[in-house]
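1. requesting a structural model of the entry that follows:
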Amino acid sequence: MIRRVLFVILLLPLLLPAVSCFRKNKNVTNPIANLNSAQPDKVLFDRAMDAMQHNRFDVARLTLQTMINTYPDSEYVARAKLAVGDSWYAEGGSAGLAQAEIEYKDFITFFPNLPEAAEAQLKVANIHYRQMEKPDRDFTHAKRAEEEYKQLILQFPDSKLVPEAKQRLREVQEVLAEREFRIGRFYYLKESWPAAIARLKSLTDAYPLYSGVDDALYMLGQSYEHEAERARVFKDEAVRARMVKEFDDQAAAAYDRILTRYPVMDRAKEARARLEALHRPIPQATPEAIAQNKQEEESRREMGHLSRLMLNLHRRPDVSQASKVGEPTLVPPKETNATDVARQAQRAMMGSAGGGPSTVTGQVIGTGAPAPNQPIPRSASAAPATDNSIPELKPTGDAAQPMTQAPQPAPAQVNEAAGDSQSSTATSGSQQGSATSSASSVQGANEAQSSSKKKKKRKLWPF
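-> Below is the predicted model of the structure:
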């Protein structure tokens with residue numbers, strides 16, 4: 001026992017410095033320094049991502065903006081700006097999607113070389129794809145979606161998102177093509193052939209992957225044939241032959257395209273029959289074109305009756321008929337309008353290909369403007385105006401009198417005092433007569449003008 005006490009007494013001087021040093025270090029040590037701490041910008045970014053996973057989008061955006069403003073040089077700034085757009089995109093709604101588009105566009109502007117820029121561009125296009133409506137409704141979002149998908153494919157051709165963008169673009173173009181087809185069919189049924197030709201030709205040129213492109217081409221050929229029938233009413237044989245040939249050639253070109261580009265579709269047999277009726281050669285499709293058209297038709301899918309019934313309850317369009325293969329149109333061709341069709345028919349009528357003056361229904365039509373100080377050229381067989389022609393307006397008053405007519409004699413002056421009453425009476429009578437004549441001339445001119453407004457101009461062309 002005495003030995004143990006002596007051992008403790010001898011050991012105390014050795015333990016006291018160690019105990020004091022331990023107490024001193026314990027008072028000054030920061031407990032956070034020994035933990036597995038991370039960078040503060042990373043901590044804020046992780047908190048924002050956690051808030052987004054729990055659908056607390058306002059908290060996530062506030063945290064991300066705090067990180068961007070506090071640490072502008074952080075490596076997480078680009079991902080934070082993209083996450084701000086993602087929060088608006090996930091929140092949805094028209095206002096949220098509009099704000100998400102702004103954030104994505106800013107990201108592409110500030111970070112165009114990052115791989116996430118293609119992702120931001122795809123989400124901008126998807127924003128309008130989600131708001132796309134049926135073909136008979138507003139097509140603003142469909143056109144915007146088409147432009148944004150094209151922008152992604154052209155600006156980021158090496159991105160892994162390009163195949164997805166092409167498929168979405170094919171679906172959007174199916175909706176836009178269906179809209180153009182319905183408008184063209186409306187004009188076709190109304191027998192407005194130039195307007196139908198303009199719509200259907202623009203459709204077939206811009207959207208070759210459309211599921212009803214064979215119907216559009218067939219109606220286009222039929223419209224050209226109807227225009228040829230109208231041209232057969234011209235009395236001038238040269239004009240009639242030129243116009244009929246022009247329209248028949250264009251109708252045959254539409255039928256040829258059905259047989260060479262879409263040989264396995266439903267309108268191929270009818271197009272062959274129309275070419276035989278026009279006495280035109282029947283083209284043969286290549287094996288590559290047949291295989292391509294078969295692949296396009298097999299990639300389309302049909303919706304069930306229940307799916308179609310449910311589709312009527314939504315604003316979303318039906319994209320099941322969109323092709324899954326083929327390259328969508330990235331650079332649209334020039335659109336055709338009814339004015340261009342009318343001008344083309346006019347050139348065929350005038351025979352402008354020859355370069356010289358043309359004779360149309362007895363009228364000599366020259367080229368260029370008349371020489372200075374020369375009268376306006378008239379037809380060689382011009383006849384006096386009949387009652388059906390539009391009368392030319394003439395000035396009223398004294399200017400309406402012909403220039404070759406002799407001037408009116410001045411009234412005689414009477415100087416005798418006795419004839420004052422008679423002269424005043426004559427003067428008043430003459431003034432009343434002149435006022436009556438001028439009033440009648442004004443009334444006659446007004447009647448001529450009003451009658452000219454009621455008469456219609458004669459139509460020069462059959463359309």
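2. what's near enough to touch E296?
-> Neighbouring residues of E296 by Cβ atoms under 8 Å, 6 or more residues apart in numbering: L209, S323, V325, G326. The way it works is simple: take the backbone N, C-alpha and C, and place the C-beta from them, glycine included.
3. count of neighbours near F57?
-> For F57, the count of nearby residues is 20 (other Cβ atoms under 10 Å).
4. might you list the low-confidence residue ranges for the stretch 151-300 of the chain?
-> Of all residues in the stretch 151-300 of the chain, none has pLDDT under 70.
5. in it, which spans are helices?
-> In the stretch 151-300 of the chain, the segments counted as helices under DSSP state H, counting those that start in this stretch are 162-189, 193-206, 213-231, 237-261, 268-277, 287-299.
6. buried residues, the fifth one. List them.
-> Translated: helix 268-277. If you call a residue buried by 16 or more other Cβ atoms under 10 Å, then helix 268-277 has these buried ones: A268, A271, R272, R274, L275.
7. the fourth one - nearest residue in space that isn't next to it in sequence?
-> Closest residue to R274 apart from its sequence neighbours, by Cβ to Cβ, 6 or more residues apart in numbering: Y255 at 5.2 Å.
8. my guess is that neighbour meets A273, correct?
-> No: using Cβ atoms under 8 Å, Y255 makes no contact with A273, being 9.1 Å away.
9. let's have the contacts of E296 in TSV, adding distance to L152, secondary structure and neighbour count.
-> Formatted as TSV, the contacts of E296 follow (distance: Cβ to Cβ, whole Å; DSSP: H, G, I helix; E, B strand; the rest coil; neighbours: other Cβ atoms under 10 Å):
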residue	distance to L152	secondary structure	neighbour count
L209	18	coil	21
S323	19	coil	21
V325	19	coil	14
G326	18	coil	15
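10. ok, so of those, who is nearest Q250?
-> When the contacts of E296 are ranked by distance to Q250 (Cβ to Cβ), L209 comes first, at 22.8 Å.
11. before we move on, back to that, dump the helices of the stretch 151-300 of the chain to TSV, plus distance to A80.
-> What follows is those, written out as TSV (distance: least, Cβ to Cβ, whole Å):
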stretch	distance to A80
helix 162-189	25
helix 193-206	41
helix 213-231	46
helix 237-261	50
helix 268-277	57
helix 287-299	41
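12. so who does L97 touch?
-> W88, Y89, I127, R130, Q131.
13. if you could redo that for R182, that was the one I meant.
-> The neighbours of R182, taking Cβ under 8 Å, 6+ apart as the test, are P135, D136.
14. can you tell me how far E298 is from R315?
-> According to Cβ to Cβ, to the nearest Å, E298 stands 29 Å off from R315.
15. do M303 as well
-> Note on M303: its distance to R315, by Cβ to Cβ, is 16 Å.
16. do the same with S94
-> 13 Å.
17. tell me which of those two has more neighbours.
-> The neighbour comparison of S94 against R315 (other Cβ under 10 Å) goes to R315, with 11 against 8.
18. now the strands for the stretch 1-150 of the chain?
-> Remark: strands of the stretch 1-150 of the chain are absent; assignment by DSSP state E, counting those that start in this stretch.
19. from the buried residues of helix 268-277, which is closest to L203?
-> A271 (16.6 Å).
20. got a list of what that closest one touches?
-> Neighbouring residues of A271 by Cβ under 8 Å, 6+ apart: D214, L217, Y218, G221, A254, Y255, D256, I258, L259.
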